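**Student:** could you look at this predicted model? Sequence included:
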Amino acid sequence: MLGYIFMVAFKAVFSLVLYVPDFYAMVQHGVTGEISGEKTISGYIEVDNGKIFYEKTGEGEAFVFIHDGIVHRETWDDQFKYFAGDYKVVRYDRRGYGRSEPPTAVFSNIEDLHQLFKQLKIPSAHLMGCSAGGRLAIDFTLAYPELVKSLILVGPAVNGYGFTEHFFTRGGRYKADYKGNTDAWIKYWTMEDPYEMAASNTAARERLRKMMENNHQNFNPDNTVFWREDFPSARGRLAEIKVPTLVVVGEYDHPDVHAHTGIISCGMTGAQRVVIRGAGHLVHMEQPDIFNRLVGQFLKNEDFIAVIKKEGACKAVALFHKIRLQKPDEIPFTETAVNNLGYEFLQCGKTDEAQLLFKLNVEAYPKSFNVYDSYGEILLTQGDTLHSVENYKKSLQLNPNNNNAVAILRELGVN
């Protein structure tokens, strides 16, 4: 087992991409403030033997955040503000964390989250979870696949796969008596642990320290003692998850976490994995600007790809031009995604739509040699040798080492 984990960890390191019924009137709501010009509504929802606290803001598709196992919903402060302009953002405190009630009996994190969806009338959502929150996001998607539109997993764990002794002892740094000593516990996680946050991220470490000092209830061992673990393990089931998935992990996160992200990227078809430099486990707190742009691009890309698949290339091209009129520098898709989809269309005999997609990529990414190479290929397939040669020459101009373009031009008798 450990051999498998470390094998996947090795691969990970070397593949870097540097509904609510009326009787729930007991739900409590209140306006707590403004986020990016949007009102923030907060309240409690009733769950089995308790209450959990939530906040929501913004309009649009729902985007739900799940925190890790040490801090609570405030770990998402930078994301809560950033994404409120485009989405209905929801974050909550899992039982025993932040402002939610501590557990008093066995409970299910999956069913608590399900109640959040039901009582806030969320038909489906993009789901983002960090660490243990990432594990919960995976388990929830397996339990309720119809409710999840996409997954963003940040330094996630996978239910059913273990951890090494090195992870639990943090390489011998973590002492067993820390958890019974709040000051020592906080000091360790905010000043000494080399994996939770990169040493250079002193401002983020200070934010973490304040969060922990103000929320001692997060360290209550009952928060995990009462977890109900009667749902199936995710081990061997990751391929059941079909939604677009982005896996994000910090450069300095623990090797076991890198191994778990490798398991996900191997187990989920099409899952994208990105390692962010200069960050540890809490990437979204340490490198919020980079993280937010990455996640924003991922979500926009998936929305755009959905338009191509559901409405066709012509509709997608029209949408791109509409977006560019409003935001001239906006590119709502990645070069790779559209290029891959173009080849899928080509293989299915949808040559005209494939050409539109390759041409769109040229327009969006004019400095990429690969888009001209692909466009040249489709033009050659359609018998337009003149314009095919022009695109292969442009590709070669941008990348003189493009051997494919050299070979094609040689075959066509072009110097």
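**Tutor:** Cool, got the structure. Numbering: from 1, shown residues only.

**Student:** for the nearest residue to residue 51 once chain neighbours are set aside, helix, strand, or coil?
**Tutor:** Nearest residue to residue 51, sequence neighbours excluded (CB to CB, 6 or more residues apart in numbering): residue 44, at 4.4 Å. Any C-beta I mention is one placed from the backbone N, CA and C, and that applies to glycine too. Assigned with DSSP: H, G, I helix; E, B strand; the rest coil, residue 44 falls in the strand class.

**Student:** name the residues of the lengthiest helix in the chain that are buried.
**Tutor:** Longest helix in the chain, counting residues (DSSP state H): helix 288-311. Within helix 288-311, the residues scored as buried using 16 or more other CB atoms under 10 Å are 288, 290-292, 294-295, 298-305, 307-308.

**Student:** which strands and helices sit next to that helix?
**Tutor:** Where contact means 3 or more CB pairs under 8 Å, 6 or more residues apart in numbering; DSSP states H and E, helix 288-311 is packed against helix 77-82, strand 148-154, strand 245-250, strand 272-276, helix 283-286, helix 313-326, helix 335-347.

**Student:** for residue 136, which of the ones you listed is the nearest?
**Tutor:** Nearest to residue 136, of all the helices and strands packed on helix 288-311, is strand 148-154, at 10.3 Å by CB to CB.

**Student:** which is the next helix or strand following that closest one?
**Tutor:** helix 165-169 (DSSP states H and E).

**Student:** could you dump the helices and strands packed on helix 288-311 to CSV with distance to residue 162?
**Tutor:** Supplementary listing: the helices and strands packed on helix 288-311 in CSV, determined by distance: least, CB to CB, whole Å:
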stretch, distance to residue 162
helix 77-82, 30
strand 148-154, 18
strand 245-250, 18
strand 272-276, 20
helix 283-286, 23
helix 313-326, 43
helix 335-347, 33
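
**Student:** could you dump these to TSV with mean pLDDT?
**Tutor:** Shown next, in TSV, are the helices and strands packed on helix 288-311 (pLDDT from 0 to 100):
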stretch	mean pLDDT
helix 77-82	96
strand 148-154	97
strand 245-250	96
strand 272-276	94
helix 283-286	97
helix 313-326	95
helix 335-347	92
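
**Student:** follow-up on the earlier one: other residues contacting the longest helix of the chain?
**Tutor:** 63, 78-79, 82-83, 86-87, 126, 128, 150, 152, 244, 246, 248, 272, 274, 276, 283-284, 315-316, 319-320, 332-334, 337-338, 341, 357 (CB atoms under 8 Å, 6 or more residues apart in numbering).

**Student:** which stretches in the stretch 101-250 of the chain count as helices?
**Tutor:** Counting by DSSP state H, counting those that start in this stretch, the stretch 101-250 of the chain has helices at residues 109-119, 132-143, 165-169, 182-187, 202-213, 222-225.

**Student:** got a list of what residue 114 touches?
**Tutor:** So residue 114 contacts 140, 143, 144, 147 (CB under 8 Å, 6+ apart).

**Student:** the last one and residue 125 touch, don't they?
**Tutor:** Yes. Shown here, residue 147 and residue 125 form a contact pair, counting by CB atoms under 8 Å, at 6.8 Å.

**Student:** between these two, who's got more neighbours?
**Tutor:** The neighbour comparison of residue 147 against residue 125 (other CB atoms under 10 Å) goes to residue 125, with 22 against 19.

**Student:** ok, the more buried one to residue 288 distance?
**Tutor:** Per CB to CB, to the nearest Å, residue 125 is found 21 Å from residue 288.

**Student:** hmm, residue 335 is touching residue 364, no?
**Tutor:** Yes. Counting by CB under 8 Å, residue 364 is a contact partner of residue 335 at 7.2 Å.

**Student:** find the residues that touch each one of the two.
**Tutor:** Residues touching both residue 335 and residue 364 (CB under 8 Å, 6+ apart) are residue 371.

**Student:** skipping its backbone neighbours, what lies nearest residue 103 in space?
**Tutor:** Closest to residue 103 by CB to CB, 6+ apart is residue 226, at 4.0 Å.
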